[in-house]
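1. Sequence plus the predicted model coming up.
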Amino acid sequence: MKASEINKKWTELQRVIASDFDMELPDIKVMLFLIGVQELGKGPQQFSKRQKEELMHIATCRLFSAMGFYELKGLDEEGWPHWDLVKAIPNYTLLEQEMILKSLIIDYFEDTYTLS
């Protein structure tokens, strides 16, 4: 996907999520949090700051698993997923990182969420 196409789809995804969740336009961190909550599979609940950071890490691992960088190791005794890094992630520039994350987030929501 070209950067212009990614940005167009990203803006549309932000609008859909903002509308569906009755919130401001979500940034990448909010999207990662939502993906983390979905991947945890325990539904909405209160999370500590540390748990929120862990949820965003879970989301990042899940997203980068689509590119072969992470592999799901399993769940711990509390049901939280753990991932193994299976190959090194290249040193992308900040702009490349943002575009890759946006593209992976778009793919994730297209695959797992009914976009209205």
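-> Received the coordinates, thanks. A quick note: this is a predicted structure, and the numbers were derived from the prediction, not measured.
2. What helix or strand is the spatially most central residue of the chain located in?
-> By CA atoms, centre = their mean, the chain has its centre lying nearest to residue 32, at 3.7 Å. Per DSSP states H and E, residue 32 falls inside helix 28-40.
3. Would you mind pulling up the elements that the next helix-or-strand element following that helix packs against?
-> With elements assigned by DSSP H and E, the helix or strand that comes after helix 28-40 is helix 49-65. Using 3 or more CB pairs under 8 Å, 6 or more residues apart in numbering; DSSP states H and E as the contact test, the elements touching helix 49-65 are helix 28-40, strand 70-75, strand 81-85, helix 94-112. All C-beta atoms are positioned from the backbone trio N, CA, C, and that covers glycine.
4. from those, which stretch is densest packed?
-> helix 28-40 (a mean of 20; mean count of other CB atoms under 10 Å).
5. what's that helix packed up against?
-> By 3+ CB pairs under 8 Å, 6+ apart, helix 28-40 packs against helix 3-20, helix 49-65, helix 94-112.
6. List the contacts of that helix.
-> The list of residues contacting helix 28-40 from outside it, by CB atoms under 8 Å, 6 or more residues apart in numbering, reads 13, 17, 21, 23, 26, 43-44, 52, 54-60, 62-63, 79-81, 98, 101-102, 105, 108, 112.
7. Residue 1: neighbour count?
-> 13 (other CB atoms under 10 Å).
8. what secondary structure does the residue of the chain most remote from its centre sit in?
-> Distance from the centre of the chain peaks at residue 77, with 23.1 Å (CA atoms, centre = their mean). Here residue 77 is coil, with the state taken from DSSP: H, G, I helix; E, B strand; the rest coil.
9. Relative to residue 8, which of the helices and strands packed on helix 49-65 is closest?
-> helix 94-112 (9.9 Å; CB to CB).
10. Which neighbouring elements make contact with that closest one?
-> helix 3-20, helix 28-40, helix 49-65.
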